[in-house]
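Q: Build me a model:
(chains A, B, C and D)
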2 protein chains.
Amino acid sequence: MNLPATIQDFVLHFGEMGSRWGINRTVGQIYALLFVSAEPLNADDIVERLGFSRSNVSMGLKELQAWNLVRMKHLPDDRRDYFTTPDDIWEIVRTLVEERKKREIDPTLSVLRELAMRAPSTPAETHAQSRIAETAAVIELVTGWYDDVKRLDTERLASLLALGAKVQKVLEMKDRLTILPGLGRSRAKSTSTE
Amino acid sequence: MNLPATIQDFVLHFGEMGSRWGINRTVGQIYALLFVSAEPLNADDIVERLGFSRSNVSMGLKELQAWNLVRMKHLPDDRRDYFTTPDDIWEIVRTLVEERKKREIDPTLSVLRELAMRAPSTPAETHAQSRIAETAAVIELVTGWYDDVKRLDTERLASLLALGAKVQKVLEMKDRLTILPGLGRSRAKSTSTE
DNA sequence: TCTTAATTCCAGTATTTCCTGAAACTGCGA
DNA sequence: TCGCAGTTTCAGGAAATACTGGAATTAAGA
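A: So this is what the prediction gives:
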C-alpha cells in the first residue's frame, strides 16, 4: 500500500467498517480510496495504491457498480475505465440507503407479511405470527417515513435533521393554534404508485 | 430443527438477514426464536428447537446479552437461566440502534475527526481531508438528529414517522405565520452534557 | 482482419469465521 | 466438604468467504 498516511488510515478504517456491515474489506477500501481521490482512478491506479491483485480490484469495482456507488468516466484518447464517487455526499448516502432497502428491507417485509398471513396451526404459531405482524408494521412505518423524506431536497432534509426533536414542539403548537386542512395523520400508503 | 413451519421460516430468514448485517447466523436464529416465543426459554430449550450445540447456544446468548438484546429471568425452583426479548418492539429497535451507534458510529466519528485535523503533507491529502471532514459533518448531523428524537416517547415518535415529509409543510407554514422564540436552526451540540 | 491493450471470468488456494465436544468451572443442597 | 446439575471456556476441525494468477474475452486502431 503506497499512500499518504492520512489517506491510508482512512482507507484501512473504512475497510474494517465495511466488513462489519456485510461489505468485504477489499471493496470497502477501494470505495474509500475513490471517495477521497480528487481525480478519477482506473483499475491499475487502484492496484498500485492498494496492492490488491488486478482481478480482485476488477471484481470490487463491479460490485460497487452493481450498488450504484461509483461512476464510470472516460478520458479522451484513453480506453481505460476511470471511476469516481459523486461529489455530493448526500447523494452517496441516499444511494446507500436506497440500495440497502431494496435488497434487504423490502424482501424481508414481504416475507414477514406472507408469514403473518398463513393459517396458524398451533397456539405458539399464533403468538409468533402476531409478533411477526407487529414487526412488519414497525418496518412499514419506518420505511414509509423514509420514502417520504427522501423526496425532500438536500437543504430541506438537512434543516429537518438539524431541527431534531424540536419539530415535535412545532407540531404541538400547530395542533393547538391552527387548523391545516389536508395535513392529518393518514399518509398515503405510497407502496403502489411511485 | 423442531419447530412449527411458520416459526421455522421466520427463524431461518432472520438468521440469513443477520448474517448480512454482521451478526452471525446462529445468533440471529437464537434471537428470532426468543422473539417469537411466548414464554422465556432456557439454553436447553434452544438447543432442542434449533439443533445447535450446547456451547454454541451459550456463546450466542452471551453475545445477545452483551448487546442488551435479551433479558434474563429465573423461575421459582429452577436454577437455569431463562431468556426473553422485550415485549415492546420499539424498545428493541432503540436498543439495536443505540448499541450499533455506540460500537460503530461513535468510534468512526472520532477517527474521522482525528484524521481531518492532521497537518496535511501533500495536496492529495488536503483534498482527502476535506472529504473526510464533510463526511464527519454528515454523520454528526444524522446522529445529532437521532440523539434528539430518541428521547421522544414511542407514541410521539410513531406519529412523527407517520407524518413523514408533511412535517416540512408544517414547518414552512410556521416560518410564514409565526415567530417562535427559541426554535431556530441552531440546535445545541449535544455531545457534551447529556 | 489482425494486433494489442484492457478487462473479465474462473478454478484453486488462502484466510477468516464459525461451530463443536471435551474439559474446567460454579454454586447449591446435603 | 462433597457431589452434582448446570454453565462456560477453549482448542481444534469444518465451513464459508475472499483473493490470486492465468486463461478467455472484448474492442479499438491499423
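Q: How about the contacts made by the residue sitting nearest the centre point of chain A?
A: Centrality entry for chain A: nearest residue to the mean C-alpha point is residue A:97, 1.7 Å, by C-alpha atoms, centre = their mean. By C-beta atoms under 8 Å, 6 or more residues apart in numbering or on different chains, the contact set of residue A:97 is A:146, A:150. From N, CA and C alone the C-beta is placed, and that goes for glycine too.
Q: Quick check: which element contains it?
A: Taking DSSP states H and E as the definition, one finds residue A:97 inside helix A:89-100.
Q: Could you do residue A:76 as well?
A: With DSSP H and E as criterion, residue A:76 is part of no helix or strand.
Q: before we move on, could you check phi and psi at it?
A: For residue A:76, the backbone dihedrals are phi -60, psi 140 (criterion: degrees, to the nearest 10).
Q: neighbours around it, how many?
A: Per other C-beta atoms under 10 Å in any protein chain shown, the neighbour tally for residue A:76 reads 4.
Q: got a pLDDT number for it?
A: Looking at residue A:76, its pLDDT reads 84.
Q: element containing residue A:148?
A: In the assignment (DSSP H and E), residue A:148 maps to helix A:123-149.
Q: Can you name the next helix or strand after that helix?
A: Assigned by DSSP H and E, the successor of helix A:123-149 is helix A:154-163.
Q: Quick check: the gap between residue A:136 and residue A:31.
A: For residue A:136, the distance to residue A:31 equals 32 Å [C-beta to C-beta, to the nearest Å].
Q: Look at the two and report which has more neighbours.
A: Remark: of residue A:136 and residue A:31, residue A:31 carries more neighbours, 25 against 19, as counted by other C-beta under 10 Å.
Q: residues of the helix holding residue A:148 that come out buried?
A: Neighbour-count burial for helix A:123-149, counted by 16 or more other C-beta atoms under 10 Å in any protein chain shown, picks out A:124-125, A:127-129, A:131-132, A:134-136, A:139-141, A:143-149.
Q: where does chain A come near DNA strand D, residue by residue?
A: Contact residues, chain A versus DNA strand D (C-beta under 7 Å from any atom of the strand): A:19, A:24-27, A:51-56, A:59, A:77, A:79.
Q: Please repeat the previous calculation with a cut-off of 6 Å.
A: A:24, A:25, A:26, A:52, A:53, A:55, A:56, A:79 (C-beta under 6 Å from any atom of the strand).
Q: so where does the third one fall, helix or strand?
A: With elements delineated by DSSP H and E, residue A:26 resides in helix A:25-36, which encompasses its position.
Q: From the rest of the structure, what touches that helix?
A: For helix A:25-36, using C-beta under 8 Å, 6+ apart, the contacting residues are A:3, A:7, A:10-19, A:41, A:46, A:49-50, A:52, A:56-57, A:60-61, A:63-64, A:69-70, A:83-85, A:92, B:127-128, B:131-132.
Q: again with stretch A:150-162
A: Stretch A:150-162 has contacts (C-beta under 8 Å, 6+ apart) with A:88, A:90, A:94, A:97-98, A:149, A:167, B:141-142, B:144-145, B:165, B:167-168, B:171, B:185, B:187.
Q: Then stretch A:126-144?
A: Under C-beta under 8 Å, 6+ apart, the answer for stretch A:126-144 is A:101, A:105-106, A:108-109, A:112-113, A:115-116, A:118, A:120, A:187, A:190, B:4, B:6-7, B:10, B:35-38, B:89-90, B:93, B:158, B:161-162, B:164.
Q: One more: stretch A:75-84?
A: A:34, A:37, A:40-44, A:61, A:64, A:70-74.
Q: ok, now how distant is residue A:64 from chain B?
A: Distance, residue A:64 to chain B, by C-beta to the nearest C-beta, to the nearest Å: 17 Å.
Q: next helix or strand past whichever helix or strand that residue is part of?
A: In the assignment (DSSP H and E), residue A:64 maps to helix A:54-66. Next helix or strand after helix A:54-66 toward the C-terminus (DSSP H and E): strand A:71-73.
Q: in its sheet, what does that following strand sit against?
A: Neighbouring strands of strand A:71-73 in its sheet, by DSSP bridges, are strand A:82-84 (antiparallel).
Q: Please report the distance of residue A:4 from residue A:42.
A: Residue A:4 is 19 Å from residue A:42, by C-beta to C-beta.
Q: right, I mislabeled it, should have said residue A:10
A: Going from residue A:10 to residue A:42 by C-beta to C-beta gives 20 Å.
Q: Compare neighbour counts for those two and give me the winner.
A: residue A:10 (27 against 19).
Q: residues contacting the more buried one?
A: When contacts are counted by C-beta under 8 Å, 6+ apart, residue A:10 touches A:32, A:36, B:112, B:115, B:128, B:132.
Q: Now the third one: which helix or strand?
A: It stands for residue B:112. helix B:106-117.
Q: so does stretch A:65-83 get close to DNA strand C?
A: Yes: judged by C-beta under 6 Å from any atom of the strand, stretch A:65-83 and DNA strand C are in contact via A:79, A:80, A:81.
Q: What's the end-to-end length of that stretch?
A: End-to-end distance for stretch A:65-83, by C-alpha to C-alpha, to the nearest Å: 10 Å.
Q: Likewise for stretch A:40-59?
A: Note: stretch A:40-59 ends 18 Å apart using C-alpha to C-alpha.
Q: Counting neighbours, which bits of it end up buried?
A: Of the residues in stretch A:40-59, A:40-43, A:45-47, A:49-50, A:52, A:56-57, A:59 count as buried by neighbour count, 16+ other C-beta under 10 Å.
Q: And the residue of chain A closest to DNA strand C?
A: Closest contact between chain A and DNA strand C, by C-beta to the nearest atom of the strand, is at residue A:55 (2.9 Å).
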